[in-house]
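3D, please:
(one chain, ligands or ions: 1)
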Amino acid sequence: MKSIIRKIIEFFLPYYLINSGKINKVINNAAEGKIILSVFFHNPSKELFESIVKWFLDHEFKFISADELYEIGIEKKTFPSKAVIFTVDDGWKENKENLVAVANKYNIPVSIFINTDPIENGNGYWVSYLKHSQQKLGTSHIVGSIKKLPDTQRKEIVSQLVTSIELPREAMTIEELRSIKNENISLGAHTLSHPFLVNCTNEDSKNEISGSKQKLENWLGTKVDTFAYPFGSFGEREIEYVKSAGYKMAFSTVANYITQENIGALYKLPRFEVIEHASLKENICRMTGVWDEALNLMKKNR
Ligand SMILES: [Zn+2]
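Modelled structure (predicted):
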């Protein structure tokens with residue numbers, strides 16, 4: 001029953017939100033230089049990614065890079081009007097065709113944050129092993145329950161699954177990383193093993209954060225100074241480690257606008273997530289922040 005209601009909401013809510021003028025209000029706030037839109041992807045289809053790029057271009061948004069955002073953050077550049085930043089997490093193999101090719105076609109900057117273990121060892125992402133084991137073997141491991149465990153236990157469970165299940169490579173190779181890097185595409189780090197950093201020991205958290213930077217710098221031969229927290233999991237400890245590892249900025253998954261007030265907090269920059277199985281209309285609502293606002297309002301009124 002709940003899923004039917006959910007489906008009805010998902011179908012009608014975007015139409016309502018788009019026609020209600022709420023999205024135009026957000027676009028006006030961006031035009032007045034009150035907010036920068038910050039959007040992140042994982043593994044979108046080419047169709048969805050290109051339609052999102054076109055939507056921002058049709059609405060005369062300017063795409064800014066992580067470097068430009070940093071310069072705005074340290075007040076070297078003024079807060080822009082109608083700006084959007086695109087970031088991507090993990091380093092999925094399909095990104096090359098579906099996202100990098102489109103970014104190059106439209107000449108727009110994108111930062112991709114790389115989870116280095118799957119790049120290096122050719123394994124799938126650990127969440128994929130979990131999903132696979134649930135569907136095929138009927139195991140009860142889900143991300144939500146793993147989230148509550150110390151990271152040593154997550155590692156044990158994942159290493160057992162990796163030995164019993166064979167999954168094809170899901171991440172790009174080191175060569176592919178080298179080949180996609182250009183004036184549009186910049187690469188940042190996203191830890192070694194994609195843990196919930198807050199569940200790690202001090203030593204492991206530090207190593208996950210600095211180790212992925214070192215690996216990428218060795219592979220690419222360039223400085224890597226941007227970071228994204230896996231699952232948006234971080235605390236004050238992680239901010240300290242990210243700073244001391246030499247990153248200049250880090251992205252969270254807090255769904256919010258970048259504003260003149262919060263941009264100074266360069267180690268917890270907010271981002272709105274694109275949901276890859278959802279429609280373009282729903283994602284327009286999500287990227288402009290009106291989706292969460294509407295759902296929160298509905299929850300409150302229930
Ligand atoms: Zn990730």
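
Could you use CA atoms for every contact and neighbour count after this?
OK.

can you list the residues of the stretch 101-250 of the chain near the ion?
Within the stretch 101-250 of the chain, the positions adjacent to the ion are Pro230 by C-alpha under 5 Å from the ion.

for the stretch 101-250 of the chain, what spans make up the strands?
Along the stretch 101-250 of the chain, counting by DSSP state E, counting those that start in this stretch, strands occupy 110-114, 185-189, 226-228, 249-251.

who wins for proximity to Val127 among the ones you listed?
For Val127, the closest of those is strand 110-114, at 15.4 Å, according to C-alpha to C-alpha.

What strands flank the closest one, and is each parallel or antiparallel?
Next to strand 110-114 in the sheet, as set by DSSP bridges, lie strand 83-90 (parallel), strand 185-189 (parallel).

Let me see the contact set for Thr152.
Residues in contact with Thr152 (C-alpha atoms under 8 Å, 6 or more residues apart in numbering) are Cys200.

how does it look with 7 Å?
Under the criterion of C-alpha atoms under 7 Å, 6 or more residues apart in numbering, Thr152 has no contact partners.

Ok, Ser51 next?
Ser51 is in contact with no residue at all, counting by C-alpha under 7 Å, 6+ apart.

could you redo the last one with a cut-off of 10 Å?
Residues in contact with Ser51, defined by C-alpha atoms under 10 Å, 6 or more residues apart in numbering, are Ser45, Leu57, Leu280.

just Tyr257 next, same as before
Counting by C-alpha under 10 Å, 6+ apart, Tyr257 touches 26, 30, 34-39, 84, 263, 269-272, 287-289.

Quick one: distance of stretch 131-147 to the chain centre.
Per C-alpha atoms, centre = their mean, to the nearest Å, the displacement of stretch 131-147 from the mean C-alpha position of its chain is 22 Å.

just to revisit the earlier point, which members of the contacts of Tyr257 are positioned in strands?
Of the contacts of Tyr257, the ones assigned to strands by DSSP state E are Ile35, Ile36, Leu37, Ser38, Val39, Val84, Phe272.

Show the pLDDT at the second one.
Note for Ile36: predicted pLDDT of 98.

do you know how far it is from Thr259?
Distance of Ile36 to Thr259, computed by C-alpha to C-alpha, to the nearest Å: 6 Å.

And for the fifth one?
Between Val39 and Thr259 the computed distance is 14 Å (C-alpha to C-alpha).

for the fourth one, same thing?
The span separating Ser38 from Thr259 equals 10 Å under the rule C-alpha to C-alpha.

intersection of neighbour lists for these two?
Shared contacts of Ser38 and Thr259 (C-alpha under 10 Å, 6+ apart): Leu269, Pro270.

Please look at Ser128 and Lys136 and confirm they touch.
No: between Ser128 and Lys136 no contact is recorded; they are 11.8 Å apart, counting by C-alpha atoms under 10 Å.
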